[in-house]
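Peer 1: Here's a sequence, model it:
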Amino acid sequence: MADIFFVSAIFFGAYLMGCLPTGYMFGKAAGVDLTRQGSGSTGFTNIFRIAGVRWAFAALFTDFLKGAGVAYIGKQFFTSDLFILSLILTVALGNIFSVFLKFRGGKGVAVISGGIAVLAWNPILILLVVSFWAFILLWKRIMSLANLAVFLFAVPVYLLVFYESWIWYGAGFGIFIFLLFTHRGNVGRLIRGEEKKFIFKNTKTR
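Peer 2: Numbering: from 1, shown residues only. The predicted structure follows:
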């Protein structure tokens, strides 16, 4: 029984960690309410467009740390990759459906990326994946496309390294489907050719 309460507490803590509306708070620090402007998201892209580059990267970094921190804590208590992956998805759910923002938030990309980086730590692979993401973003200038493309790229690359565990096959497929769901509006706009491009000249730092 004690184990059940302990595991439940860990997962509840992971969800609350994800719920912390850091992106929203950075927006407030910049003098804007992100939930009422742009796409309404508290993620990197909307912050960049509305509040500027400094606040956007601050939000990206803190979201990445949420996922990385939860994965690190999970590795201290659990040996099962499945448990730790579940924790990562739990903190991502908190990021997307924050109780502090009436179940609104970001899209979970930075959180999941931070968690996977810690769980499957490999500096060379991380550099390769980040470089691919940056290449797609600079080439097409569409953040949602870069986010989805990098996971399509990262899944087979990571499977080549961690192929001995069936969990990674299921996790790779599951994470991509999860991100398709969080980006469902973006996918529709991509199909219609209506998705906005990323404008890098936006350098507001108010």
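
Peer 1: Going by C-alpha atoms from here, please, whenever you check contacts or count neighbours.
Peer 2: Noted.

Peer 1: Can you list the buried residues in the biggest helix by length in the chain?
Peer 2: The residue-count maximum for a helix in the chain (DSSP state H) belongs to helix 53-77. With burial defined by 16 or more other C-alpha atoms under 10 Å, the residues of helix 53-77 counted as buried are 53-60, 62-72, 74-75.

Peer 1: Quick check: the gap between Ile116 and Gly67.
Peer 2: 8 Å (C-alpha to C-alpha, to the nearest Å).

Peer 1: let me redo that: Lys196
Peer 2: Distance from Lys196 to Gly67, by C-alpha to C-alpha: 27 Å.

Peer 1: first vs last residue of stretch 44-58, how far apart are they?
Peer 2: Using C-alpha to C-alpha, the two ends of stretch 44-58 sit 9 Å apart.

Peer 1: Kindly apply the preceding question to stretch 176-192 instead.
Peer 2: Counting by C-alpha to C-alpha, you get 21 Å between the two ends of stretch 176-192.

Peer 1: residues making contact with it?
Peer 2: Stretch 176-192 is contacted by residues Ile96, Lys107, Gly108, Val109, Ser144, Leu145, Leu148, Phe151, Leu152, Glu195 when judged by C-alpha atoms under 8 Å, 6 or more residues apart in numbering.

Peer 1: Can you tell me which of those residues end up in helices?
Peer 2: Reading helices off the contacts of stretch 176-192 with DSSP H, I get Ile96, Val109, Ser144, Leu145, Leu148, Phe151, Leu152.

Peer 1: how near is the last one to Ala110?
Peer 2: Using C-alpha to C-alpha, one gets 15 Å for the distance from Leu152 to Ala110.

Peer 1: So which of the two has more stuff around it?
Peer 2: Of the pair Leu152 and Ala110, Ala110 is the one with more neighbours under other C-alpha atoms under 10 Å, namely 25 against 14.

Peer 1: got any ranges where the chain has weak pLDDT?
Peer 2: Where the chain drops to pLDDT under 70, the residues are 1-2, 162-165, 200-206.

Peer 1: Helices of that one, start to end?
Peer 2: Using DSSP H, helices in the chain cover 2-19, 22-29, 44-50, 53-77, 81-96, 109-119, 123-140, 143-162, 166-182, 184-192.

Peer 1: Surely Leu93 is in contact with Met17?
Peer 2: No - look at Leu93 against Met17 with C-alpha atoms under 8 Å: they stay out of range, at 10.1 Å.
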